[in-house]
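Trainee: What would the 3D arrangement of this be:
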Amino acid sequence: MAEATCPQHFIDLGHRLCDEAAVVIKEYFRQNPDIEDKSDASPVTVADRGAESVMRKRINETFPDHGIYGEEFGSENTDAEFVWVLDPIDGTRSFISGHAIFGTLVALLQNGSPIIGMISMPILNERWVGAAGQQTTFTDYRGTRPVQTRACPDLKLSTVATTTPILFRDAEELAHYDRLAAASKLPLMGGDCYNYGLIANGTIDIVLESGLGLYDYMAHIPVIEGAGGRVTDWQGNRLNMNSDGQVLATGDAKRHAAVVEFVNS
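Mentor: Below is the predicted model of the structure:
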């Protein structure tokens, strides 16, 4: 993350985007909204589109010179210094099924690097906020507090999570995950963006995923790194707007290189 402190008015807008998206999402949750299939066969609902619409409208009203990259309505002005990256519902399958483990992801990039990341869980009323120059905070029924990842000196003691094996693009990618999961103490499936927040909280150690879009991972970088962890692609390279969707997140930054080596061995 950048060393400079992130301006508070950008953080305030991020909160407002999450709050306004939550209003739309809660209106449709467990109301059996119509489901459509996008070109990649992934599902989308009126809640996804409605939530992104209100966020885009708010950004355009507040900072009309900022760019936007959203999952549902594409990009605008992405050569701007500041670009907001939006995923209105990360975990649409969970939303459709009535599960509460889905979230809204908001990131702000400055010259291509994320300086704000928010993971907002609208039904659980929980939210992680990572911002340049600040320690990550987590809000739940206990209030808001700083959080810290945990040390994990041995892979055999780790908790390793992924959303679903379906996201791995081929048998070779799946084999990499299977080896990592088999070497861990507690492999988990499901969770979408929630897993990344739990890394920041120090209750999950590693997330390995593939097939993700820019809007799926940018918010996680400030959240996890602001809590002491690290997020890269599978080769250990910094994620950027042109990354291929392979994501490796670890809570123990000192062990990240060792996990990269194990994944690729």
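
Trainee: Isn't residue 24 up against residue 55?
Mentor: No: judged on Cβ atoms under 8 Å, residue 24 makes no contact with residue 55 at a distance of 9.2 Å. Just so you know, the C-beta spots here come from the backbone N, C-alpha and C atoms, and that holds for glycine as well.

Trainee: Of these two, which one has the most company?
Mentor: Neighbours were counted for residue 24 and for residue 55 using other Cβ atoms under 10 Å; residue 55 has more, 27 against 23.

Trainee: And the helix or strand encompassing the more buried one, how far out from the chain middle?
Mentor: Element membership of residue 55, judged by DSSP states H and E, is helix 46-62. Centre-to-centre, helix 46-62 and its host chain are 18 Å apart (Cα atoms, centre = their mean, to the nearest Å).

Trainee: residues making contact with it?
Mentor: Applying Cβ atoms under 8 Å, 6 or more residues apart in numbering, the contact partners of helix 46-62 are 13, 16-17, 20-25, 27-29, 33-34, 66, 68, 70-73, 84, 86, 88-89, 92, 95, 104, 106.

Trainee: Then stretch 239-249?
Mentor: 109, 112, 173, 196, 199, 206-214, 216-218, 220-221, 224, 229-234, 236-237, 256, 259-260, 263.

Trainee: Just the ones of these in strands?
Mentor: Counting by DSSP state E, the contacts of stretch 239-249 place 109, 206-209, 230-232 in strands.

Trainee: Adding neighbour count and distance to residue 191, write those residues out as JSON lines.
Mentor: JSON lines is the format used below for the ones in strands among the contacts of stretch 239-249 (neighbours: other Cβ atoms under 10 Å; distance: Cβ to Cβ, whole Å):
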{"residue": "109", "neighbour count": "25", "distance to residue 191": "25"}
{"residue": "206", "neighbour count": "28", "distance to residue 191": "13"}
{"residue": "207", "neighbour count": "27", "distance to residue 191": "8"}
{"residue": "208", "neighbour count": "21", "distance to residue 191": "12"}
{"residue": "209", "neighbour count": "24", "distance to residue 191": "10"}
{"residue": "230", "neighbour count": "23", "distance to residue 191": "19"}
{"residue": "231", "neighbour count": "25", "distance to residue 191": "16"}
{"residue": "232", "neighbour count": "20", "distance to residue 191": "20"}
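
Trainee: and stretch 159-169, average pLDDT?
Mentor: In this model, stretch 159-169 carries a mean pLDDT of 91.

Trainee: Now do the buried residues in it.
Mentor: For stretch 159-169, the neighbour count (16 or more other Cβ atoms under 10 Å) marks 159-163, 167-168 as buried.

Trainee: Of these, which belong to strands?
Mentor: Going by DSSP E, the strands hold 159-162 from these.

Trainee: Which of those residues sits closest to residue 130?
Mentor: Using Cβ to Cβ, residue 161 comes nearest to residue 130 of those, at 18.5 Å.

Trainee: need the contact list for the closest one.
Mentor: Contacts of residue 161 by Cβ under 8 Å, 6+ apart are 187-189, 191, 195, 198, 204, 206-207.

Trainee: Identify, from the buried residues of stretch 159-169, the entry nearest to residue 129.
Mentor: Closest approach to residue 129 among these (Cβ to Cβ): residue 161, at 21.0 Å.

Trainee: Any idea what the closest one is bridged to?
Mentor: Residue 161 forms beta bridges with residue 188, residue 207, as assigned by DSSP bridges.

Trainee: Give me the helices and strands touching the lowest-mean-pLDDT helix or strand in the chain, please.
Mentor: Between all helices and strands in the chain, the lowest mean by mean pLDDT, DSSP states H and E belongs to strand 35-37, at a mean of 80. Secondary-structure packing of strand 35-37 (3 or more Cβ pairs under 8 Å, 6 or more residues apart in numbering; DSSP states H and E): strand 43-45.

Trainee: partners of the strand it packs on in the sheet?
Mentor: strand 35-37 (antiparallel).

Trainee: got the contact list for the strand it pairs with?
Mentor: 43-45, 96.

Trainee: can you list the weak-confidence ranges in the chain?
Mentor: 1-4, 41 (pLDDT under 70).

Trainee: Residue 155 and residue 116: what is the separation?
Mentor: 31 Å (Cβ to Cβ, to the nearest Å).
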